[in-house]
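J.: Please find the sequence and the predicted model below.
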Amino acid sequence: GVNPAASANTYAYALLPNKTTAQLATYAAAPDFTVIANTASVQAVKEHNLNLVAANFWTDTATSAAHITSDRQAAVLTRESADEIEIAVSDPTQLGTTTLLDIGRTALAFISGDPRITVTRLTPTIQLSVDVSSGTPHTDAGNGIRGKTWKARFRLPDGVKADNADVTGVATTGTWTPISTALDSWNGTHLRGASGTGAGTVTFTPKLTAGLHQVYVWWSAENTAANATNVPITITHATGSTTLQLNQRQSAGQWVSLGAYTFAAGTTGAVAISSAGTDGHVLADAVRFVPRTRVVRFDCGDPLLKTNSGYWNNVARATTALITNNALDSTGLGTGMGFNITTAFLGITSTGTTATTAGFPATATQDALYVQNAQEAKIKLQGLNPALRYTVNFYGSGALAGNGSTLYTVGTRTVTLDAAANVANTATLADITPDPDGSFRVGIKNAIGSGHGYLGVVEVVW
């Protein structure tokens, strides 16, 4: 092959034993994996057929790849279906103590896990800590466990399903044959479009809530060798449409992810399965839309204590400014959300805790923007959807002199947090409806007008 350019600094390759040159070329044209991250801090890859993400974290600083954040050196794998997500973690250094993981998914329930795993929350993201130091130590490197992998499983939200046999929300064009003899059809039947029968479509248009949904499709194995390898599937979403090609000779009898898309409320969203130009049978059975909670986090404070990972967005100044107008969320996507300091804070403090009990890394808990006495700072969160409702969690911690009780105000609603040397507590305002211009404003001040008020983390969930 061709050596990677020195200027590129990184490269990636797949091991494909016993493949011919022609097979290598075919694989290279459509590999079944994507390199998600390849840096000195984290290397991660996603295998699409298994919907598996594997990440090696190389530092003891909170770092993210895809939906996984780890605050320690660790090897982490997640395998996700439409119903469950399984997480596996180990400490290859064999020197660690506790690893804190944040998984950018909402879970309905904790199904099972190894005894050294502690689940701290299920929503808006899954958080768990893993005691990698417990067990029999080996003789030459302290208290690690040689080769131990800890696992946990979580139930994911069910979502909305649409089946080919539904009375409403399904439309067909062209020639499709109902099949009821396959054992792995969803709800017992599916539709088959034979090759050479023209450009037929089966379109599913279920009623959805507004927001981000993970989209899945199900097809039967039926006669796998006769199925098409190039099935066009078009997802119509709030920002347009996306067409994918799927190989229906693989992954039958399971929910196969088509990705995450934002949909408007109602029935404007759709998934269309087409038989146009295909090289075999096309099967249309069922689709599934699973709501995905979106989370945006802002780390407010010291520019030397930025949280440079995942869906953390840094606010490293106390003066008035539009910090960002496209904050990243827990899916790694831009949201169009802006963080605007409209009335300045007094300054920045780094006197907070380094504990991670609140579920945030030390780089986020140790520093904060602050006000003093009767001063009130104001921020404006903008670029929001007035049709949605948002929950905002506030965190602050500081050890400046005086009272640290902090009052956060949105409209006529308020919530108070005792932020003086705070370790684990947060304050929440739920069900916030943005103004018609897609924004709402937050006031931050000391609750009694004497002392300090702190803003270290702003977490927006919808």
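T.: Perfect, thanks for sending it. Numbers count the residues shown, from 1 in each chain.
J.: Quick check: mean pLDDT of the longest helix seen in the chain?
T.: Longest helix in the chain by number of residues, with DSSP state H as the criterion: helix 21-29. Average pLDDT, helix 21-29: 83.
J.: Quick check: next helix or strand after it?
T.: Helices and strands here follow DSSP states H and E; after helix 21-29, the next one along the chain is strand 33-38.
J.: and the following helix or strand past that following strand, what other elements does it pack with?
T.: Later in the chain than strand 33-38, the nearest helix or strand by DSSP H and E is strand 42-47. Here strand 42-47 touches strand 33-38, strand 52-57, strand 63-65, going by 3 or more Cβ pairs under 8 Å, 6 or more residues apart in numbering; DSSP states H and E. Bear in mind the C-beta positions are built from the backbone N, C-alpha and C, glycine included.
J.: and the first one, which strands flank it?
T.: So the one you mean is strand 33-38. Paired with strand 33-38 in the same sheet, following DSSP bridges, are strand 42-47 (antiparallel).
J.: do the second one as well
T.: Using DSSP bridges, the neighbouring strands of strand 52-57 in the sheet come out as strand 42-47 (antiparallel), strand 74-80 (antiparallel).
J.: these two touch, right, residue 376 and residue 441?
T.: No: with contacts counted by Cβ atoms under 8 Å, residue 376 stays clear of residue 441, the gap being 11.1 Å.
J.: can I see the domain layout of this protein?
T.: Following automatic domain parsing, one finds the domains of the chain at 6-155, 160-291, 295-461.
J.: Can you add mean neighbour count and give those back as a markdown table?
T.: Converted to a markdown table, the domains of the chain look like this (neighbours: other Cβ atoms under 10 Å):
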| stretch | mean neighbour count |
| --- | --- |
| domain 6-155 | 17 |
| domain 160-291 | 18 |
| domain 295-461 | 19 |
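J.: where among these is the average confidence lowest?
T.: Lowest mean pLDDT within the domains of the chain: domain 6-155, at a mean of 85.
J.: returning to what we had before: same list (the helices and strands packed on strand 42-47) but as TSV, adding distance to residue 362.
T.: Output for the helices and strands packed on strand 42-47, formatted as TSV (distance: least, Cβ to Cβ, whole Å):
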stretch	distance to residue 362
strand 33-38	21
strand 52-57	15
strand 63-65	13
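J.: before we move on, back to that, tabulate the strands paired with strand 52-57 in a markdown table, adding columns for distance to residue 201.
T.: Supplementary listing: the strands paired with strand 52-57 in a markdown table, determined by distance: least, Cβ to Cβ, whole Å:
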| stretch | distance to residue 201 |
| --- | --- |
| strand 42-47 | 29 |
| strand 74-80 | 28 |
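J.: For residue 113, find the nearest of those strands.
T.: strand 74-80 (13.6 Å; Cβ to Cβ).
J.: That closest one: how far from the chain's middle?
T.: Here the centre of strand 74-80 is set off from its chain's centre by 14 Å, with Cα atoms, centre = their mean, to the nearest Å.
J.: Which residues outside that strand are in contact with it?
T.: Applying Cβ atoms under 8 Å, 6 or more residues apart in numbering, the external contacts of strand 74-80 come out as 50-57, 67-68, 70, 85-92, 96, 99, 101, 103, 105, 132, 156, 257.
J.: redo that, cut-off 7 Å
T.: With contact meaning Cβ atoms under 7 Å, 6 or more residues apart in numbering, strand 74-80 is reached by 50-57, 68, 70, 85-92, 99, 101, 103.
J.: closest to residue 381 out of the helices and strands packed on strand 42-47?
T.: Nearest to residue 381, of all these, is strand 63-65, at 21.8 Å by Cβ to Cβ.
J.: All the helices of the chain, in order from the start?
T.: For the chain, the helices defined by DSSP H cover 21-29, 362-365.
J.: To residue 406, which of these lies closest?
T.: Residue 406 sits nearest to helix 362-365 of all those, at 14.4 Å, using Cβ to Cβ.
J.: Looking at the helices and strands packed on strand 42-47, which is nearest to residue 200?
T.: Short answer: strand 33-38, nearest of those by Cβ to Cβ, at 31.2 Å.
J.: How far does that closest one sit from its chain's centre?
T.: On Cα atoms, centre = their mean, the centre of strand 33-38 falls 16 Å from the chain's centre.
J.: can you list the residues that contact that strand?
T.: 10, 12, 14, 43, 44, 45, 46, 47, 48, 53, 65, 66.
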